[in-house]
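[1] quick one: sequence and predicted model below, then my questions.
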Amino acid sequence: MFNAQKDFNFKEETKMLVLTKNQESDLVNEIVSLLNVDLEDLNGPVTKLNTLNKLKTKYVAFVDEDHLNDETKKDAAYKAMADVKEDAILLLDTFKKETITELFEGLTKATYRFNKFKSEDCSNTINIAYTDKKEYAEAIHEGIVLGEAINHTRELINTPYNYLNAEKLAEYAKALETIDNVKVTVYEKSDCEAMNMGAYLGVNKGSTDAPKLIHIEYMGNPDSKEITALVGKGVMYDTGGYSLKGVQNMPSMKMDMGGSATVLGAIEAATRLKVKANIHVVIAATDNRIGDYAIVPDDILTSAKGLTIEIISTDAEGRLTLADALWFAQEKGATRLIDVATLTGAVVGALGKTYTGAFTNNETFLNELMETAKTNKERLWQLPIHQDHHDDLKSFSADIKNSSGSRLAGSSVAAAFLQKFVDDDRAWVHLDIAGTAYESKSGGTGVLVKTLTNLFK
């Protein structure tokens with residue numbers, strides 16, 4: 001994606017030059033003088049000029065850094081830079097040093113294309129030139145790592161079920177063992193049966209594909225006893241089961257594994273950046289289908305924790321997989337838990353596509369996460385878990401229902417269900433990304449990969 005240019009001399013360069021309007025840069029001023037242009041006359045995120053043979057390159061493109069610093073304009077600016085069709089070279093020395101990490105993260109994300117199933121490959125490479133490689137190297141590396149992890153998350157979310165089932169996701173996770181200090185264990189159906197994961201396996205009963213419980217361990221700070229588990233919802237495709245989704249709601253359900261894609265992106269970035277923290281990732285991967293043995297409403301499942309669950313809706317399946325995954329994470333020593341899930345349509349009704357819903361049993365932990373999100377310009381909004389929400393889950397025939405059966409406070413009721421499977425002494429945050437993980441026109445967003453990565457830095 002990025003090629004470093006050696007022995008660079010802009011006066012001899014034939015590739016198109018891409019630089020900023022930074023008048024504090026001697027290089028910018030020299031090029032402006034040669035071209036005899038007034039930077040004040042250049043509008044828009046990227047302005048492309050013909051050099052009229054004043055340089056060996058035919059074109060020079062000026063980037064407005066104000067656009068890069070504006071949250072409402074920066075994505076368009078990065079896209080404009082990435083979409084330059086000519087063979088181009090980015091003059092990194094003209095950009096402000098404190099923006100280099102974000103610059104390379106933004107450019108990496110902007111060059112992403114979901115080309116896997118298209119006959120034409122429209123990806124491109126950006127050439128870069130800079131003088132002080134040591135000064136820039138760490139910032140460039142961090143930006144590219146974050147951008148690539150986000151893009152990998154988007155790619156997973158965008159890939160349809162017939163190319164990405166639980167087995168394929170497990171293979172993807174296993175490949176992360178190529179990163180230093182990463183251990184990946186994949187548990188088979190028989191292993192989950194031995195652990196009495198009746199809630200998770202109940203969701204899998206209608207599927208012809210075996211479930212895969214994925215456990216990733218990274219111990220970047222062995223002197224610390226704190227282990228943070230990132231638990232991702234791994235429902236690879238959700239038909240709703242016998243509580244069948246309508247024809248309007250089922251398309252895009254390949255994204256229902258967005259929580260698992262997010263935590264995989266976060267662990268990839270955190271481990272490649274060698275953060276000094278202990279992180280586990282747990283994913284209970286399966287699809288939710290109709291089949292001869294699929295669960296139906298009124299069934300009762302027994303979770304690994306021992307709680308019995310009355311099924312009200314087979315479309316409230318993600319929380320069933322997460323219940324056993326949360327239990328497993330704690331059994332493996334997690335002292336803090338963050339689960340990430342495309343869990344409820346209700347959170348979309350409450351917060352739209354702008355905010356991720358956040359729930360917790362520990363305000364201090366949530367505040368730490370929310371401050372990190374704010375710093376990284378990602379939006380969380382806390383929603384409540386009240387005793388009334390727990391009361392809504394009381395069951396006549398089991399310890400708990402998997403849904404209240406009501407449209408009221410659906411995201412809070414779902415969070416209350418998950419809290420039943422979190423020990424009182426474990427700090428826990430639940431992130432409902434149903435509204436923020438996917439856009440119908442552009443696919444997976446990679447939301448919260450950056451926040452979850454930087455939480456550990």
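    It's in.

[2] going by C-alpha atoms from here, please, whenever you check contacts or count neighbours.
    Will do.

[3] and the longest helix for the chain?
    helix 133-158 (DSSP state H).

[4] so which strand or helix has Ile31?
    The secondary structure element spanning Ile31 is helix 26-35 (assigned by DSSP states H and E).

[5] after that helix, heading C-terminal, what element do we hit next?
    Heading C-terminal from helix 26-35, the first helix or strand you meet, by DSSP H and E, is strand 46-50.

[6] so where's the stretch 1-150 of the chain uncertain?
    1, 5-7, 85, 121-124, 132-133 (pLDDT under 70).

[7] on that earlier part again, neighbouring contacts of the helix holding Ile31?
    Outside of helix 26-35, the residues that reach it under the criterion CA atoms under 8 Å, 6 or more residues apart in numbering are Leu19, Thr20, Lys21, Asn22, Gln23, Asp38, Leu39, Thr51, Lys54, Asp93, Thr94.

[8] could you measure from Asn362 over to Trp428?
    Asn362 sits 6 Å away from Trp428, going by CA to CA, to the nearest Å.

[9] and Met370, what element?
    Taking DSSP H and E as the definition, one finds Met370 inside helix 363-375.

[10] quick one: mean pLDDT for that helix?
    What helix 363-375 shows for mean pLDDT is 98.

[11] dump that helix to CSV, restricted to CA.
    Extracted C-alpha coordinates of helix 363-375, given in CSV (Å, rounded to 0.1, in the frame of the first residue of the first chain):
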residue,chain,number,x,y,z
GLU,A,363,-18.7,3.6,36.3
THR,A,364,-14.9,4.0,36.8
PHE,A,365,-14.2,1.4,34.1
LEU,A,366,-16.8,2.9,31.7
ASN,A,367,-15.4,6.4,32.3
GLU,A,368,-11.9,5.3,31.4
LEU,A,369,-13.3,3.8,28.2
MET,A,370,-15.4,6.8,27.3
GLU,A,371,-12.5,9.2,27.8
THR,A,372,-10.4,7.0,25.4
ALA,A,373,-13.3,7.0,22.9
LYS,A,374,-13.5,10.8,23.2
THR,A,375,-9.8,11.2,22.6
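
[12] if we can go back for a sec, how about the helix holding Ile31: buried residues?
    By 16 or more other CA atoms under 10 Å, the buried positions in helix 26-35 come out as Leu27, Val28, Asn29, Ile31, Val32, Leu35.

[13] next: stretch 66-83.
    Within stretch 66-83, judged by 16+ other CA under 10 Å, the buried ones are His67, Leu68, Lys74, Asp75, Ala76, Ala77, Tyr78, Lys79, Ala80, Met81, Ala82, Asp83.

[14] can you tell me how far the closest residue to the third one other than its chain neighbours is from Gly333?
    Using CA to CA, 6 or more residues apart in numbering and skipping residues adjacent in sequence, the residue nearest Lys74 is Leu68, 4.3 Å away. As defined by CA to CA, Leu68 lies at a distance of 42 Å from Gly333.

[15] do Glu138 as well
    Where Gly333 is concerned, Glu138 sits at a distance of 33 Å (CA to CA).

[16] next one: Phe114
    With CA to CA as the criterion, Phe114 and Gly333 are 37 Å apart.

[17] for those two, indicate the residue with more neighbours.
    When neighbours are counted by other CA atoms under 10 Å, Phe114 comes out ahead of the other of Phe114 and Gly333, with 17 against 14.

[18] quick one, phi/psi of that one?
    Its backbone dihedrals place Phe114 at phi -90, psi 80, with angles given as degrees, to the nearest 10.

[19] nearest residue to it other than its sequence neighbours?
    Counting by CA to CA, 6+ apart, Phe114 lies nearest to Glu155, which is 6.8 Å off, once chain neighbours are set aside.

[20] and the one you found, how many neighbours?
    Other residues lying near Glu155 total 21 when counted by other CA under 10 Å.

[21] hmm, it is touching Gly446, no?
    No. In this structure, Glu155 sits apart from Gly446 without contact. The criterion is CA atoms under 8 Å, and the distance is 9.1 Å.

[22] domains of this protein?
    Following automatic domain parsing, one gets these domains for the chain: 2-131, 161-454.

[23] measure the longest one end to end?
    This points to domain 161-454. The distance separating the two terminal residues of domain 161-454, taken as CA to CA, comes to 30 Å.

[24] hmm, Asp298 is touching Glu310, no?
    Yes. When contacts are counted by CA under 8 Å, Asp298 is listed as touching Glu310 (6.1 Å).

[25] compare the two (neighbour count), which wins?
    Set side by side, Asp298 and Glu310 give different neighbour counts by other CA under 10 Å, the larger being at Glu310 (22 against 14).

[26] can you list phi and psi of the more buried one for me?
    For Glu310, the backbone dihedrals (degrees, to the nearest 10) come out as phi -80, psi 130.
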